[in-house]
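Visitor: quick one: sequence and predicted model below, then my questions.
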Amino acid sequence: MPNSDLLALLLFKINQNQLALEAAIMELTLWVEQRGSAEVADNVRGALGTISKNEKFIKMTLAMLMAPE
């Protein structure tokens, strides 16, 4: 397997991990919010927004790396 394929696969797996962590953190955020800590939940959502913003770029880059040459 060429190094470029390995790099693309590695980035894909890292992105999958990032999205799984985002989902898990969001579950915890909802739990915290239900217990009356809306300010903490809002702060976490703000931080998770960075993941969402970067996801588009990551997907675009992965598509370019995985495209046949």
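Guide: Great, that's in hand.
Visitor: hey, where'd the helices end up in this protein?
Guide: Secondary structure of the chain by DSSP state H: the helices cover 3-34, 38-66.
Visitor: and these as TSV, adding mean neighbour count and mean pLDDT?
Guide: No exception for glycine: its C-beta is placed from N, CA and C like everyone else's. Output for the helices of the chain, formatted as TSV (neighbours: other CB atoms under 10 Å; pLDDT from 0 to 100):
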stretch	mean neighbour count	mean pLDDT
helix 3-34	13	90
helix 38-66	12	87
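Visitor: hmm, residue 19 is touching residue 55, no?
Guide: Yes. Residue 19 is within contact range of residue 55, at 7.4 Å (criterion: CB atoms under 8 Å).
Visitor: find residues that contact each of the two.
Guide: Applying CB atoms under 8 Å, 6 or more residues apart in numbering, one finds that no residue jointly contacts residue 19 and residue 55.
Visitor: from residue 17, how far off is the nearest residue to residue 61 once chain neighbours are set aside?
Guide: The shortest distance from residue 61 to any non-neighbouring residue, by CB to CB, 6 or more residues apart in numbering, is to residue 11 (7.1 Å). Remark: distance between residue 11 and residue 17 (CB to CB, to the nearest Å) = 11 Å.
Visitor: cool, residue 39 as well?
Guide: 28 Å.
Visitor: do the same with residue 2
Guide: From residue 2 across to residue 17, the span is 23 Å (CB to CB).
Visitor: ditto for residue 47
Guide: Going from residue 47 to residue 17 by CB to CB gives 17 Å.
Visitor: and residue 58, by the same measure?
Guide: For residue 58, the distance to residue 17 equals 12 Å [CB to CB].
Visitor: what's the answer for residue 30, then?
Guide: From residue 30 over to residue 17 the distance is 21 Å, taken as CB to CB.
Visitor: and residue 41, by the same measure?
Guide: Distance from residue 41 to residue 17, by CB to CB: 23 Å.
Visitor: over to residue 63?
Guide: Residue 63 sits 19 Å away from residue 17, going by CB to CB.
Visitor: and what of residue 65?
Guide: Separation of residue 65 from residue 17 (CB to CB) stands at 17 Å.
Visitor: list the contacts of residue 55.
Guide: 15, 18, 19.
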